[in-house]
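J.: Sharing a model that was predicted from the sequence below.
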Amino acid sequence: MILLQKGAERAGQWIEERTTRLRHYRKAFGTEPPTEASIAVMSDADNTGEKATGYIEYIEVFRHFEKI
């Protein structure tokens, strides 16, 4: 898991996130990723005893050929 947001500063706002999963994977594991993968989007509050709700309007996944 890679944390992209935390805290209450932007709560209640739509936030657009763009990530480069290949770069994150290579940094975390030091190798190329497998040919198939999954995406999980989570909202978590179990450690605080609070409730959390996340709404997702749209997810776009596309293949990007990164220059190495």
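T.: Yes, it's here. Numbering: from 1, shown residues only.
J.: quick one: which helix or strand includes the closest residue to residue 26 other than its chain neighbours?
T.: Nearest residue to residue 26 in three dimensions, chain neighbours excluded: residue 32, at 7.2 Å (CB to CB, 6 or more residues apart in numbering). C-beta coordinates here come from the backbone N, C-alpha and C atoms, glycine included. Under DSSP states H and E, no helix or strand contains residue 32.
J.: Next, count neighbours for residue 32.
T.: Counted by other CB atoms under 10 Å, the residues lying close to residue 32 total 9.
J.: Quick check: it vs residue 38, distance?
T.: 17 Å (CB to CB, to the nearest Å).
J.: Residue 2 too?
T.: In terms of CB to CB, residue 2 sits 14 Å off from residue 38.
J.: Which one's more surrounded, the two?
T.: More neighbours surround residue 2 than the other of residue 2 and residue 38, with 9 against 4 (other CB under 10 Å).
J.: in which helix or strand would I find the more buried one?
T.: Using DSSP H and E, residue 2 falls outside every helix and strand.
J.: and what of residue 27?
T.: helix 21-29.
J.: can you check residue 9 too?
T.: If you go by DSSP H and E, residue 9 is not part of any helix or strand.
J.: which residues touch it?
T.: Residue 9 makes contact with no residue, according to CB atoms under 8 Å, 6 or more residues apart in numbering.
J.: Show the residue spans covered by the strands in the protein.
T.: Assigned strands in the chain: none (criterion: DSSP state E).
J.: Pull the distance from the helix holding residue 27 to the chain's centre.
T.: 12 Å (CA atoms, centre = their mean, to the nearest Å).
J.: mind starting the numbering at 810 from now?
T.: OK, 810 is where the count begins now, so the last one is helix 830-838.
J.: Could you name the helices and strands sitting against it?
T.: Applying 3 or more CB pairs under 8 Å, 6 or more residues apart in numbering; DSSP states H and E, one finds that helix 830-838 makes contact with no other helix or strand.
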